[in-house]
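# here's my sequence, what's the structure:
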Amino acid sequence: MRGRPERIELKTPAQIATMRAAGLVVAQGLAAMRAAVAPGVSTGDLDAIARDVLRAAGARPNFLGYHGFPGVICASVNDRVVHGIPSDAEKLAEGDLISLDFGAIVDGWHGDSAITVPVGEVSPEIAALSATCEASMWAGIAAVRPGARLSDVSHAVETSIRGAGRYGIVAEYGGHGIGTEMHMAPHILNYGRPGKGPRLTSGMALAIEPMVTAGSRATEVLEDDWTVRTVDRSWAAHWEHTVAILDDGPWVLTAEDGGRAELGKRGVDVSALAA
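This is a model prediction of the structure:
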């Protein structure tokens, strides 16, 4: 017997505007952490920066306490893909690669975004890994439009990655719906055939979230029950933005410019609400 499809939350323009406020807090926090990344800085230092940004904005963290998670950010270094726990004991070193995942709540509405940042100079191969992951996120966002199918987004992400080289696309984790909760229906794979799944409509909000490795896509969870690492210890990159679907185009709620620059390169106009 086939079960009912998961309900996808729809938002009003006013509710999306509140999500934009949360998204700007997230963007501010990630920008502050990016600027602070350097050899000798601890992942705990970066968590403290994020806490300060939340406090100054009057926003709440959506990671802290989530199923017991102890930080306001996820800090995942090198072969760790996602959900790394920040620590004062973990110091960054020249040549490392760190993925920073951060979220905020404003008036009950969530924002969620992630970036991958080099620590000092990294090898060309590692720089290409992160650039490939970021480009695939924007390819997925560019596929978000009313009338499209959910797997059109997945297919766009995969096609972008496959066209860039031999990379692993993490299978167990992906994007998600977002709104009154951080993780909501639908789950968004980062690979798949187009034309499948629910039809996208105005009022949806999605977190597009590719995770790409330099080797195998296989992952394992460490003893802390949170940190996800590649099985073959290849390095990984993780990028994410929250995007709202509107009748006249997408609005990237966690990008300071609403996504205008990157989507413009791909021939996509953002919603007039992003002005």
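
# state the distance from residue 211 to residue 94.
Separation of residue 211 from residue 94 (CB to CB, to the nearest Å): 24 Å. Just so you know, the C-beta spots here come from the backbone N, C-alpha and C atoms, and that holds for glycine as well.

# and these two? Which one has more around it.
residue 211 (30 against 12; other CB atoms under 10 Å).

# show me what contacts the more buried one?
81, 82, 133, 169, 170, 173, 174, 190, 236, 237, 238 (CB atoms under 8 Å, 6 or more residues apart in numbering).

# can I get these in JSON lines with secondary structure?
Output for the contacts of residue 211, formatted as JSON lines (DSSP: H, G, I helix; E, B strand; the rest coil):
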{"residue": "81", "secondary structure": "strand"}
{"residue": "82", "secondary structure": "strand"}
{"residue": "133", "secondary structure": "helix"}
{"residue": "169", "secondary structure": "strand"}
{"residue": "170", "secondary structure": "coil"}
{"residue": "173", "secondary structure": "coil"}
{"residue": "174", "secondary structure": "coil"}
{"residue": "190", "secondary structure": "coil"}
{"residue": "236", "secondary structure": "strand"}
{"residue": "237", "secondary structure": "strand"}
{"residue": "238", "secondary structure": "strand"}
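
# kindly indicate which of those lies nearest residue 157.
The shortest gap between residue 157 and any of those belongs to residue 190, at 4.7 Å (CB to CB).

# could you report the neighbour count for the closest one?
Neighbourhood size, residue 190 [other CB under 10 Å]: 28.

# quick check: it vs residue 247, distance?
Relative to residue 247, and taking CB to CB, residue 190 is found at 26 Å.

# same check on residue 23?
Per CB to CB, residue 23 is found 19 Å from residue 247.

# who's more crowded, the two?
Using other CB under 10 Å, the more surrounded residue of residue 23 and residue 247 is residue 23, with 32 against 13.

# and the more buried one, which of the three is it?
helix.

# going forward, begin numbering at 9 instead of 1
Got it, the first residue is 9 from now on, which makes the last one we talked about residue 31.

# quick check: closest non-adjacent residue to it.
Closest residue in space to residue 31, ignoring its immediate chain neighbours: residue 261 at 3.4 Å, by CB to CB, 6 or more residues apart in numbering.

# and what of residue 260?
residue 267 (3.0 Å).

# which parts of the stretch 109-258 of the chain are strands?
Secondary structure of the stretch 109-258 of the chain (DSSP state E, counting those that start in this stretch): strands located at 117-126, 176-177, 183-185, 192-196, 213-216, 219-221, 227-229, 236-238, 244-246, 249-254, 257-260.

# what's the shortest one in contact with?
For strand 176-177, the external contacting residues (CB under 8 Å, 6+ apart) are 165-166, 169, 198-199, 218-226, 238, 242.

# right, and out of those, which lies closest to residue 60?
The closest of the contacts of strand 176-177, once distances to residue 60 are taken by CB to CB, is residue 219, at 27.3 Å.

# next, the contact list for the residue lying closest to that closest one once chain neighbours are set aside, please.
Among residues not flanking residue 219 along the chain, residue 178 sits closest, at 4.0 Å (CB to CB, 6+ apart). Residues near residue 178 by CB under 8 Å, 6+ apart: 89, 198, 219, 220, 221, 225, 227, 244.
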